[in-house]
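1. For reference, the sequence and a predicted model appear below.
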Amino acid sequence: MPLIGFAKTDKGPLQTYEIIMEELAKRGFKVTFAKHHWAGDMPFGLIIAETDKGPLAVRWSLGRKFELRIEEIDEEAFEDFVEETLDYIGGD
């Protein structure tokens, strides 16, 4: 089943990616592929990953400290989550 995540971070995009990947490993996820989308003028981004537990998309935004919440959703909701976030990042 697809998974989505919501992360808060006080770091920049590259450090945020690394922190999220480390946290996923701590939680038992084996990531086989990941891509990271963000725009330089926006305080958030999206990481899309293929994992041994299914597809995962994590939307991150700036916050005071790092936190990550993950939940299961259905395939259609997953696709909508990814599409809407990418559209917003891309300005569409």
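-> Alright, I've got the coordinates.

2. Compute the first-to-last residue distance for stretch 59-75.
-> Start to finish, the residues bounding stretch 59-75 are 17 Å apart (CA to CA, to the nearest Å).

3. Contacts for it next, please.
-> Here stretch 59-75 makes contact (CB atoms under 8 Å, 6 or more residues apart in numbering) with 1-11, 16, 19-20, 23, 27, 43-47, 56, 58, 81, 85. All C-beta atoms are positioned from the backbone trio N, CA, C, and that covers glycine.

4. Following the helix or strand that contains R59 in sequence, what is the next regular element?
-> Secondary structure assigned from DSSP states H and E places R59 in strand 54-62. Moving toward the C-terminus from strand 54-62, the next helix or strand (DSSP H and E) is strand 67-72.

5. what's the distance between that next one and the middle of its chain?
-> 9 Å (CA atoms, centre = their mean, to the nearest Å).

6. Check stretch 58-76 too.
-> Worked out by CA atoms, centre = their mean, stretch 58-76 lies 6 Å from the chain centre.

7. Now do the SS call for M21.
-> helix (DSSP: H, G, I helix; E, B strand; the rest coil).

8. Look at it and say how many residues are nearby.
-> Other residues within reach of M21, judged by other CB atoms under 10 Å, total 17.

9. show me where the chain has helices.
-> 13-26, 75-90 (DSSP state H).

10. Put the buried members of the contacts of stretch 59-75 into a ChimeraX selection.
-> Selection of buried members from those for ChimeraX, criterion 16 or more other CB atoms under 10 Å:
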select :2,3,4,5,7,8,9,16,19,20,23,44,45,46,47,56,58,81,85
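
11. so what's I48 up against?
-> With contact set as CB under 8 Å, 6+ apart, I48 has these partners: 34-35, 37, 55-57, 82.

12. repeat that with 10 Å
-> By CB atoms under 10 Å, 6 or more residues apart in numbering, I48 lies in contact with 33-37, 55-58, 78, 82, 85-86.

13. same thing with A49?
-> Applying CB under 10 Å, 6+ apart, we find A49 in contact with 3, 5, 20-21, 24, 29, 31-36, 55-58.
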